[in-house]
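Peer 1: how would this look folded up:
(chains A, B and C, ligands or ions: 7)
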Amino acid sequence: MDKRDPFRHNVLTSGHRACSGCGEAMAARMVTDLIGPDAIYINATGCLQVFTTHNQQSAWQAPWIHSVFANAAAVASGVEAALRAKGKDTPVVVQAGDGGTFDIGLQCLSGMIERGHDVLFVCYDNEAYMNTGVQRSSSTPHAVRTTTSPPGRLSQGKHHLKKDVISIIAAHHMPYAATATIAYFPDLKAKVEKAMRIKGPRFLQILSPCPLGWVHDSALSVTVSRLAVETGLFPLIELEHGELTGVMRLAEQKPVEEYLRPQGRFKHLFGSKAGAVELRHLQALADARIRRYGLLDADTQWDTACAMQSVRHGRGGYASSMPTSEAVKNDT
Amino acid sequence: MTPKLDIEPGSSTAYHTGDWRTRQPVYRNKWPPCSQTCPASEDIQAWLALATEQHWQAAWQKLTERNPFPATMGRICYHACESACNRKHLDSAVNIHAMERYLGDRAITRKWSHKPVCDTPQTQRVAIVGAGPAGLSCAFQLARHGYPVTIFDAQAVPGGTLYSAIPDYRLPKSVLASEIDAILALGIELRLNSRVGKEISESDLRDQFDAVFLAIGSQRPRQYPGKESSRHRVMSGLEFLHRLNRGEQIALLSERKPKHVAVVGGGNTAIDVARCIRRLGAEVTVICAQDSHGNHHRELGTEMPASLQEVIEAETEGVQFIYRAGIRRLVRSGEHLSGIEIAHVDQVYDRHGDFNPVLFDGTEEFVPAGLAIFAIGQETDWQGLEQLSQSTQADGVWLGGDAVSKSKLAATAVGSGYQAAMSIMADLKGEPFVFDTHKKAQITFRQMSLHYYPKQSRHEGEVSEQRLDGFNEVETGLLDDDATHEARRCLSCGVCFMCDNCWHFCPDAAVIKKAGGYGIDDDYCKGCGICAQECPCGHIDMERLTG
Amino acid sequence: MKQLLEGSQAVAEAVRLCRPQVVAAYPITPQTHIIEHLAQQVANGELAAEFINAESEFGAASIVLGAVAGGARAFTATASQGLLLMTEVLYNIAGLRLPVVMVCANRAVGAPINIFSDHQDSMALRDAGWIQLYVESNQEAVDTLIQAYRIAEACELPVMVCMDGFFLTHTFESVDLPTQAAVDDFLPPFHFVRTLDPADPMTLGGGSEADNYQEYRSAQQAAVEDAQPVIEAFDAEFDDRFGRAHGGLLQAYRLDGAETALLGMGSLMGAVRDVVDKLRDRGQAVGALRLRCFRPFPAQALVRYLSGVQRIIVLEKAISIGAGGILASELRAALHQAGMMTPVESVIGGLGGRDLTPQVIESVFHETSRDEMGATFRFAPDHVMPDETDHG
Ligand SMILES: Cc1cc2nc3c(=O)[nH]c(=O)nc-3n(C[C@H](O)[C@H](O)[C@H](O)COP(=O)(O)OP(=O)(O)OC[C@H]3O[C@@H](n4cnc5c(N)ncnc54)[C@H](O)[C@@H]3O)c2cc1C
Ligand SMILES: Cc1ncc(C[n+]2csc(CCOP(=O)(O)OP(=O)(O)O)c2C)c(N)n1
Ligand code: SF4
Ligand code: SF4
Ligand code: SF4
Ligand code: SF4
Ligand SMILES: [Mg+2]
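Peer 2: Ligands and ions are numbered 1, 2, ... in the order given. Next comes the predicted model:
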């Protein structure tokens, strides 16, 4: 356990230089603490790598390596092969941004999955190249303002749609691929733990709001990620061997506007005719995703309300031992 | 120097990101609306939290710090706490009174005893006049703190109005007696049949005691002002209940057994009387000057003062209600009462806020009744207490309970007894008295994140099917399992319940979990505000840093 | 035991003897036979390694990077386009100071696309921080590969063994393969101090800024420079154990008393030695010098060997477009620093698989200073018929 906090490892500890309220830092902290320090972490270039290692200082408390932007999955393949050759089964985990997953890293990732490496690939999806200053990626949603998809007289932000990467990944017929987000920790935890029980290539896409790039108040990172799910824009799903095996039902569908409003990256859409068209488009995209995955009528108890449960005295999170109340049970 | 290729794990902690912060999270307990509203100022959240862990006795102890009558109050208190409970914005209020009763009943069956707070006995003596809830609550606090206390009561049985007026089907005598016994067991002297001003003189009391608490209740019924009253066929509600509680059930309605009884009044006493009459086998109509619940006229008058729950119970038991009706006259046939002439009431209260109904001519109706019971309020009987009633705290005399408070509720009486005790002790020690400063930081549901709480239906006690067969209790208490679950429904408004949200969500690992709580590591907190935003219960405040 | 083997197979056998635990590669002519043989060895159970079919050379390089960081000995091979596709990762391996060993089956770089041999591909990687050893024969390829692992692991540096595509990879030669026991004696089991391991967690590849980036680079430069004596020592030790040496950093041929030195790298040196013999027979004072180790660049050794000659002809199979001969430029700088003004002629030839025949080499020797003033290099003449160069 960590020196400062007796109840968790803090695999990714304090003193990192992420922006205040960074959803990616939060997501990575959750994932790595769930997996623990007895694993080898491979990181693609991107914010997470930059803000955790800086001039001879590292926020990692587990074996961790960064090589280049595109090759994290291949480096992990090599690490895993080495461990296999040595007869060890230390878990191998890749962490990459959406750029390092959807775009430049997709080829290596595909190779890693196709070859069946026993690696968990975690994509922290903040929907743009944040580290280089908020340029659009293929993960950036439709109509979003980024520095390379600026709105102007002829444009309402990004012209293209967010790449459906989870379907591409799942099409490899790999054992496990799922989406998750920081707002639903019990769901994220269940998915990480499930992924860690499965052998072979596994993939998690974790929506990780970025206050800087999404232009929202730093306090709202969790709130915004919750709204992404509740509006249907970011479905939480699980795919096993290419088949949809789990969805998180929406207890109630929220209008996309509730999600878009707090984010400056959608601000240009409000107050103009052309913007209104895109707002309707975004709503239609949400509706289509809800229909596609049956988010409102799925036959499951697991919904956005129950996945929010905050349980007294901890959620059995990272640590095995929880503090107990001082009061004595003397009841005779 | 050659830089190292392998970097030390966790070496980033040398860099203090806390310097970036412009806002600072602060963990701060708030005072939930239930406690804010409870007239006895119970720390409801605290005892419910102990109950969630099934630390039943600890929960009972926490509760009784403010109110030594949980079994009683859980039955008869109109639980204002629940109408304030934030949980109603999510689904329905926590069943606080049922939990209270559960703990109280558990204490009675297991014979739990109250523990003194202070072992060193005090020498200054305190006299308490009146063994109602106010007097007993005050005595309880003083005795716990080591003061010798003597209670004087005019009646033969302690409990005040709780004993004398509240019918058995709501509060069995044995329950009240057990709780009073537990209080007295702290070493309180009780002198029954001792009316101050009659059996004991005011001056004796002043001479023998260092402080006096007057809690004599309001026990004199307000009489029907009409001249035409028949001695036999008209009665006050209080008299009816007193006689009933003394065991006069049969006698009450035996003389020419009336088929119809009219009860005049819109308060809880009226309802109690009406329900008792149903149990004695007669039809009953309640004539009430005010509107029914939820239908009150915006300009005129208000809702009837009786509690909605009581009205519903009464209606279920077959009690008839006539609203916005005032009494024109009693109608007699010979010696006997045949009914009441009523008329529509326009304005209920006059400019001074006094009950002074205006009746509209031409709206008269006849309500048949062989007996009319007036439950139109009580007054305090100051006879023989002329000196003491004029005294103040400066003279070493405190007043409390129904005798002085506007809201005539048992829990108010308990609260005023507590307050008096604290004030008396401070005075005897020569210290200044400050009351419940923590009440200041309130918390509303808007400061909370209700979406973190799953919806859960409220647990209730069972309602007896044969309720009209006698004076047995109508409602049973909660089952053990239900009690635990009901306690868990508490949102713990403003008070950390260790959900770990702040700990999980802090992107900077600046929230540190320790055995029994959490702390902020100022070296690393960047002040993002996520912890405060995502705390379900509003326990965390963000404060701007100046300079 | 001597065997007649194709160069690629000989290399594959040598790789097997070094017991790599992970082999990753992506096929490209003329490297393909090497990895095909390795795949077969793994399939046959002769080589206990993870054979990883990468999705690209970029991936292959990354996989061996990961494998070595994960604590395993690893091997890859590529050529040409593949090597360039690896570029980003090869720089990274070097910066991480990972002891990766690879074979570059030297091939021309497109466009126009060309599968045949020259040195353009590995020359393009000369600044990446890898040790580069250019071999002349298949026997040397075998021996150098074994030495390469020893060097890489001792110096914590990656080593690229460069062998000419087709001329070596696809040519059958008699090769003496050492025994496994002898190789095991020479090459200790893999051990790397910065292995990723939860028992000793460390952060590798973290960010650096102006405060210390230059120090990282100067340390890397010093490490590569310091590899020179190690390369020489292991070649000497190899000689002791196996009875074969390959000159360490460079290999001289009939340089004693020579007025002219012919300098080059790789398989072309066989032809150069034939030309030297022929010219010596005719009374010309000619010798040859083969540069085996191009990185680190052995400036002092070169100066030492060349101090007696009056004319140096550098035969180069690559060109720095817009500048000229790379080897000659570096040699000139070394001589200049040593205060020597020996003229260095840079002759670029053999590109894209063209034969540098003895006739061409000889004609180069006879073409004295025919360059226009100021030119730093010239291209070797086109095919020269035997009679044309036969000056008599
Ligand atoms: C019919 C009825 C039903 C009620 N139901 C509820 C209910 O459901 N819930 C609720 O919260 N409240 C209820 N109340 C109100 C509640 O009973 C009172 O608010 C509460 O009992 C007041 O407590 P107290 O201690 O101030 O006075 P009391 O309970 O009235 O006690 C005063 C005591 O002082 C004694 N006394 C008076 N004068 C003297 C003297 N000179 N010397 C010695 N002793 C003296 C009396 O004998 C009495 O025992 C009800 C009241 C009535 C009448
Ligand atoms: C080959 C290469 N191209 C471009 C870059 C510059 N670059 C570094 S990080 C980055 C974007 C990272 O985006 P993403 O993967 O989404 O991670 P994020 O920073 O958003 O977390 C880019 C373009 C690079 N380092 N390497
Ligand atoms: S005394 Fe009444 S108001 Fe106070 S907690 Fe109990 S039921 Fe609620
Ligand atoms: S939820 Fe609990 S703390 Fe909040 S008002 Fe209700 S009972 Fe009180
Ligand atoms: S979440 Fe962490 S960094 Fe943000 S304000 Fe709270 S303690 Fe500070
Ligand atoms: S978020 Fe949870 S653990 Fe943190 S202060 Fe609030 S209730 Fe307590
Ligand atoms: Mg990104």
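
Peer 1: so where's the chain uncertain?
Peer 2: Using chain A here. A:307-332 (pLDDT under 70).

Peer 1: oops, I was thinking of chain C
Peer 2: Flagging of chain C using pLDDT under 70 yields the residue ranges C:368-374, C:384-392.

Peer 1: can you give me the domain assignment for it?
Peer 2: Taking automatic domain parsing as the domain assignment, the record places the domains of chain C at C:2-242, C:250-389.

Peer 1: of all these, which one is nearest ligand 1?
Peer 2: Nearest of the domains of chain C to ligand 1, taken as Cβ to the nearest ligand atom: domain C:2-242 at 64.2 Å. Where C-beta positions appear, they are placed from N, C-alpha and C, glycine not excepted.

Peer 1: ok, B:C77 - contacts?
Peer 2: Counting by Cβ atoms under 8 Å, 6 or more residues apart in numbering or on different chains, B:C77 makes contact with B:97, B:100, B:409-411.

Peer 1: what's the neighbour count on residue 141?
Peer 2: Went with chain A since none was named. When counting by other Cβ atoms under 10 Å in any protein chain shown, one arrives at 21 neighbours for A:P141.

Peer 1: chain C is the one I meant
Peer 2: Other residues within reach of C:A141, judged by other Cβ under 10 Å, total 30.

Peer 1: give me the neighbour count for B:V404.
Peer 2: For B:V404, the tally of surrounding residues (other Cβ under 10 Å) stands at 16.

Peer 1: contacts only, for it.
Peer 2: Shown in contact with B:V404 (Cβ under 8 Å, 6+ apart): B:380, B:416.

Peer 1: per-residue pLDDT, it?
Peer 2: At B:V404, the model reports a pLDDT of 92.

Peer 1: please tell me how far it sits from B:L214.
Peer 2: Spatial separation of B:V404 from B:L214 under the definition Cβ to Cβ, to the nearest Å is 8 Å.

Peer 1: could you point out the longest helix in chain A?
Peer 2: Residue-count comparison of every helix in chain A, with assignments taken from DSSP state H, identifies helix A:273-293 as the longest.

Peer 1: what packs against it?
Peer 2: For helix A:273-293, the packing partners by 3 or more Cβ pairs under 8 Å, 6 or more residues apart in numbering or on different chains; DSSP states H and E come out as helix A:256-260.

Peer 1: need the domains of chain C in TSV (columns: distance to ligand 7).
Peer 2: TSV is the format used below for the domains of chain C (distance: least, Cβ to the ion, whole Å):
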stretch	distance to ligand 7
domain C:2-242	17
domain C:250-389	37
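
Peer 1: of the ones you listed, which stretch is the most buried?
Peer 2: Ranked by mean neighbour count under mean count of other Cβ atoms under 10 Å in any protein chain shown, the domains of chain C are led by domain C:2-242, which reaches a mean of 21.

Peer 1: next up, the contacts around residue 249.
Peer 2: Looking at chain A here, since you left the chain open. A:295-298, A:300, A:302-304.

Peer 1: that answer is for a different chain, and I need it for chain C
Peer 2: Neighbour list for C:L249: C:228, C:231-232, C:291-293, C:298, C:301 [criterion: Cβ under 8 Å, 6+ apart].

Peer 1: got it, and C:I231?
Peer 2: For C:I231, the residues meeting the contact criterion (Cβ under 8 Å, 6+ apart) are C:131, C:133, C:147, C:151, C:248-249, C:293.

Peer 1: then B:M448?
Peer 2: When contacts are counted by Cβ under 8 Å, 6+ apart, B:M448 touches B:86, B:491, B:493, B:536-538.

Peer 1: torsion angles phi and psi at it?
Peer 2: For B:M448, the backbone dihedrals are phi -110, psi 170 (criterion: degrees, to the nearest 10).

Peer 1: on that earlier part again, now tabulate the contacts of B:C77 in JSON lines and tack on pLDDT and neighbour count.
Peer 2: As requested, the contacts of B:C77 are exported to JSON lines (pLDDT from 0 to 100; neighbours: other Cβ atoms under 10 Å in any protein chain shown):
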{"residue": "B:H97", "pLDDT": "97", "neighbour count": "22"}
{"residue": "B:E100", "pLDDT": "97", "neighbour count": "29"}
{"residue": "B:L409", "pLDDT": "94", "neighbour count": "20"}
{"residue": "B:A410", "pLDDT": "96", "neighbour count": "28"}
{"residue": "B:A411", "pLDDT": "97", "neighbour count": "27"}
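
Peer 1: which two of those residues have the greatest separation?
Peer 2: Set against one another by Cβ to Cβ, the contacts of B:C77 have their most distant pair in B:E100 and B:L409, with a gap of 14.4 Å.

Peer 1: where along the chain do the helices fall?
Peer 2: With no chain named, the answer covers chain A. In chain A, the helices defined using DSSP H lie at A:23-35, A:47-52, A:72-85, A:106-114, A:165-170, A:185-197, A:211-214, A:221-230, A:256-260, A:273-293.

Peer 1: you answered for a different chain; I wanted chain C.
Peer 2: So, for chain C - with DSSP H - the helices run C:7-17, C:32-44, C:57-69, C:80-95, C:120-124, C:138-155, C:180-186, C:213-225, C:227-242, C:268-281, C:299-306, C:326-337, C:358-366, C:386-389.

Peer 1: anything in the third one near chain A?
Peer 2: Yes. Under the criterion of Cβ under 8 Å from any Cβ of the partner chain, helix C:57-69 makes contact with chain A via C:58-69.

Peer 1: what helices or strands is that helix leaning on?
Peer 2: helix A:72-85, helix A:106-114, strand C:22-25, strand C:50-53, strand C:74-78, helix C:80-95.

Peer 1: direction included, what does the fifth one pair against?
Peer 2: Same thing as strand C:74-78. Applying DSSP bridges to the sheet, strand C:74-78 is found paired with strand C:22-25 (parallel), strand C:101-106 (parallel).

Peer 1: please state the offset of the shortest one from the chain centre?
Peer 2: Same thing as strand C:22-25. Its chain's average C-alpha position is 20 Å from that of strand C:22-25, according to Cα atoms, centre = their mean, to the nearest Å.

Peer 1: out of the strands paired with strand C:74-78, nearest to A:V119?
Peer 2: Counting by Cβ to Cβ, A:V119 lies closest to strand C:22-25 out of the strands paired with strand C:74-78; the figure is 14.3 Å.
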